[in-house]
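could you look at this predicted model? Sequence included:
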Amino acid sequence: MDFKLSDEQLAIRAMTRDFVNNEIMPIARMYDEEETFPTPIFDKLREYGLFNLAIPEEYGGPGVDKISQALIVEEVARGCAGISTSMEANSLSSYPILVGGSEELKKEYLTRLTNDGEYAAFALTEPQGGSDVMGTKTIIERVGDEYVINGEKCFITNASYAHFFVVLAKMKGEKGPNSFIAIVVERDTEGLSVGPKEKKMGLKASNTASVMFDNVRVPVSNRIGEEGEGFKIFMKALSFARPMVGAQSVGLAQGAYEEAVKFAKERKQFGTTISNFQAIQFMLADMAMNIEAARLLVYKAVYLLQEGTPSITNASFAKCFASDTAMKVATDAVQIHGGYGFIREYPVEKYFRDAKIQQIYEGTNQIQRVVIAKEILKD
Ligand code: COS
């Protein structure tokens, strides 16, 4: 057993940390206030090889290993979880193609993300429910050499900027896990429209919108895998994505914790810095301990991905524990700041708002527990 990062992984982390300190920390608040999409940051991340992290070199990606991907996501989220969320939307959209796509699909769509600088969006959640994937209402029907799609997806990251969507839809008249098709849909297809940008509590640098499909015709060649494989392809994709949400939560927690330590060492009450009070020390100690535990769960889950043995349970452990930790750490970081934690001048207010969604997206933490329990109780 070896807890050491390789020299290359340490170098990637150091480079990303520098990038985040110089390029993201200073502008995170501005993007949060203005709620604009940080295209210039994404262009720079691309230049540095810190974008499209899931895509192998053969398709123009940086080809980083999974641990390095997690380290990069962690560092970027320490600066801004809105930026890391939109950054990783291309990875999330790549997973179904990497898991189940033909070589032609991989070459066409993954290289458009890398070489052509495009954006993609992962379209799973629907207005009627995001947790119950089997209850998907978007319908897909084969007509000759095409599929016709009707339905609506909501809360779709980067929808306003996506050049194409990776969509899960249910075959007309079919039921059960084998009734789904995963498919790539071009943005400019007739009948596809994107709703207005959502106004959110946090992650304001990240774009979120609905996508509507009104008799959208898509060539059969855009299907990912076979008819009936869509559900499992999307579930497998989530097993790759959830550990990275865990990494993001660790980074966010780390950022909030560092702010809390700094403030506690500066703020004076009763003639001494508040870091000298045990009430504050215990909160800081719990933060440090839980962040470390979350980080180890995340690294274990990404290590299993890297080994080619993704674990559904470990992915859910990592996502659930790390995001609960991020929420708790951000809450306590605000508490340590007292009244200053509640005003926008201090970064902990943003960490607090950004933390909440970590417990909700890519499967709520209640769903993660459902997934874990199913695996425990399986024959
Ligand atoms: N990898 C591979 N196969 C998987 C899988 C995974 N991660 N998860 C489920 N499957 C398989 C199951 O093994 C089962 O296969 P068989 O029929 O061959 O036995 C099939 O898929 C159906 O699975 P299950 O019976 O568990 O489906 P349910 O409808 O009961 O529940 C949950 C599935 C709740 C786990 C699923 O709907 C889920 O993860 N929901 C949350 C989705 C989510 O994250 N939404 C937010 C998206 S924002 S990006």
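Everything's here; your move.

ok, for the closest residue to the ligand within the stretch 201-350 of the chain, nearest residue in space, not its chain neighbours?
Nearest to the ligand, among the residues of the stretch 201-350 of the chain, is M235, at 3.4 Å (C-beta to the nearest ligand atom). The C-beta positions use only the backbone N, C-alpha and C, and glycine is treated the same way. The shortest distance from M235 to any non-neighbouring residue, by C-beta to C-beta, 6 or more residues apart in numbering, is to V133 (7.5 Å).

how about the one you found, what does it touch?
L124, L168, F231, F234, M235 (C-beta atoms under 8 Å, 6 or more residues apart in numbering).

counting neighbours, what do you get for the nearest residue to V348 once chain neighbours are set aside?
The shortest distance from V348 to any non-neighbouring residue, by C-beta to C-beta, 6+ apart, is to A333 (4.4 Å). A333 sits with 30 neighbouring residues when counted by other C-beta atoms under 10 Å.

contacting residues for A333?
Each residue near A333 by C-beta under 8 Å, 6+ apart is listed here: A256, Y257, E259, A260, M287, G341, V348, Y351, F352.

any chance you could map the helices in this protein?
For the chain, the helices defined by DSSP state H occupy 7-19, 25-34, 39-47, 66-79, 81-100, 103-105, 111-114, 230-266, 278-306, 312-337, 348-358, 365-377.

state the mean pLDDT of the fifth one.
Think helix 81-100. Mean per-residue pLDDT for helix 81-100: 98.

what angle separates it from helix 230-266?
With axes from the mean of the first three to the mean of the last three C-alpha atoms, to 10 degrees defining the directions, helix 81-100 sits at 150 degrees from helix 230-266.

offset the numbering so it begins at 81, please.
Sounds good: first residue 81 from here, last item helix 161-180.

touching the ligand at all, helix 161-180?
No: using C-beta under 6 Å from any ligand atom, helix 161-180 stays clear of the ligand, coming no nearer than 6.5 Å.

can you redo the contacts of A413 as TSV with neighbour count, pLDDT and distance to the ligand?
Listed next are the contacts of A413 as TSV, based on neighbours: other C-beta atoms under 10 Å; pLDDT from 0 to 100; distance: C-beta to the nearest ligand atom, whole Å:
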residue	neighbour count	pLDDT	distance to the ligand
A336	31	98	23
Y337	26	98	26
E339	21	98	28
A340	26	98	29
M367	24	98	27
G421	23	98	29
V428	26	98	26
Y431	32	98	21
F432	25	98	22
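
got the contact list for F311?
Contacts of F311 (C-beta under 8 Å, 6+ apart): V213, M214, L248, P257, N258, S259, F260.

just the pLDDT for the residue nearest to V428.
98.

likewise for I107?
Reported pLDDT for I107: 97.

isn't it right up against T116?
No: assessed by C-beta atoms under 8 Å, I107 is found out of contact with T116, at 10.4 Å.

between these two, which one's more packed in?
I107 (17 against 13).

OK, contacts around the more buried one?
Here I107 is in contact with P118, I121 (C-beta under 8 Å, 6+ apart).

one more: D225?
By C-beta under 8 Å, 6+ apart, the contact set of D225 is P299, V300.

same thing with the one 5 residues further on?
With C-beta under 8 Å, 6+ apart as the criterion, the residues that contact N230 are T218, I219, F293, D294, N295, V296.

find me the pLDDT at the second one, would you?
When you say that, I think you mean I219. At I219, pLDDT is 98.

please list the residues of this structure that sit near the ligand.
So far as C-beta under 6 Å from any ligand atom goes, the chain lies against the ligand at 202, 204-205, 210-214, 257, 311-312, 315-316, 318-319, 392, 441-443, 447, 450-451, 454.

whichever of the residues you listed end up buried, select them in ChimeraX.
In ChimeraX syntax, the buried subset of these is picked out as below (16 or more other C-beta atoms under 10 Å):
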select :202,204,205,210,213,311,312,315,316,318,319,392,441,442,443,447,451
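
pLDDT weak spots in this structure?
Residue ranges of the chain with pLDDT under 70: none are present.

same thing but at 80, please
Residue ranges of the chain with pLDDT under 80: 459.

so what does the residue lying farthest from the centre of it look like in phi/psi?
Residue farthest from the centre of the chain, counting by C-alpha atoms, centre = their mean, is G351 at 43.8 Å. Main-chain dihedrals, G351, degrees, to the nearest 10: phi 80, psi 10.

and it, how far from F357?
G351 is 12 Å from F357, where distance means C-beta to C-beta, to the nearest Å.

before we move on, what about D82?
From D82 over to F357 the distance is 39 Å, taken as C-beta to C-beta.

the two: which is more packed in?
Higher neighbour count among D82 and F357: F357, with 14 against 5, using other C-beta under 10 Å.
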